[in-house]
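[1] what follows is a predicted protein model with its sequence.
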Amino acid sequence: MSVIEPVLELHNLSKSYELDNRSITPLYNVTASIPGGAFIAITGPSGTGKSTLLRLLTRLEDPDSGHVVYRGRPLTEWEPTELRRRLHYVFQNPVLFPGTVADNITYPARLTDQTLADDTIHDLLTRVALPPSYANRTVEDLSGGEKQRVNLARSLSLCPNVLLLDEPTSALDEESTAHIEAEVTAYCQQGNTIIWITHSTEQAKRIADRIWQIENGQLTEVVLR
Ligand SMILES: Nc1ncnc2c1ncn2[C@@H]1O[C@H](COP(=O)(O)OP(=O)(O)OP(=O)(O)O)[C@@H](O)[C@H]1O
């Protein structure tokens, strides 16, 4: 019998914030394990700690207590840039730079003195349901849903081992949503791990093999039937 090693281990994670003279605790003593190649959907009411968890997993913030282990090493032992290439957080609100779609998609490659061939850019655009001709469009002229997909294409160019998606289809129509869901599922089936925040229980059931709910500081697994 083959044993699937955990790609991520969350050990007793707690995170609180001070807000208007009161303390709120989105995560309290959360422990969980994620096997490599899992597709996890995180649901829960607004403001309960879903994005907080993704920020802790990518070290945009550190927990007040507890720790996370990625591939057998605590996150704090990974070089942050290397960590964020491997565990890549696709933010809910895309951060695109002024310029063309191609400028944005090639940005991570350029940071490491690499180039992306036009065919690769076109392939990335096709994967997020945008025509290759969009490569030369100015990002300022794109709709919210188009920006969201360019953002995802740029993230896919990094080939992250763990893809963390914060409501990646919130601005998309049904057809584009179905395309992105299929693309991310195919990416998962190649052995990558997906954590996808969604407000839609229907979407969570459609895409994920495990569903987590975060509420009142606790992470619970929803039993799928
Ligand atoms: N830097 C911060 N300072 C103070 N409070 C914060 C900070 N970051 C997050 N919070 C609070 O922590 C709670 C959890 O925030 P988080 O962004 O994780 O929620 P969420 O579940 O992702 O919400 P949504 O579904 O609306 O995106 C919220 O009440 C939020 O206001």
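    Ah, there it is.
[2] near the closest residue to Q92 other than its chain neighbours, how many other residues are there?
    Residue nearest to Q92 in three dimensions, not counting chain neighbours: D166, with 4.1 Å by Cβ to Cβ, 6 or more residues apart in numbering. No exception for glycine: its C-beta is placed from N, CA and C like everyone else's. D166 has 19 neighbouring residues, counting by other Cβ atoms under 10 Å.
[3] do the same with S170
    S170 has 16 neighbouring residues, counting by other Cβ under 10 Å.
[4] need the nearest residue in space to it, chain neighbours excluded.
    Nearest to S170 is Q92, by Cβ to Cβ, 6+ apart, at 6.8 Å.
[5] try R55
    Using Cβ to Cβ, 6+ apart, the closest residue to R55 is E61 (4.6 Å).
[6] can you show me the CA trace of the helix or strand of the chain with the lowest mean pLDDT as CSV?
    Using mean pLDDT, DSSP states H and E, the weakest-scoring helix or strand in the chain turns out to be helix 107-111, at a mean of 88. The C-alpha trace of helix 107-111 is given here as CSV (Å, rounded to 0.1, in the frame of the first residue of the first chain):
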residue,chain,number,x,y,z
TYR,A,107,7.0,39.2,-14.8
PRO,A,108,7.9,36.2,-12.5
ALA,A,109,10.1,34.7,-15.2
ARG,A,110,11.9,38.1,-15.7
LEU,A,111,12.6,38.3,-12.0
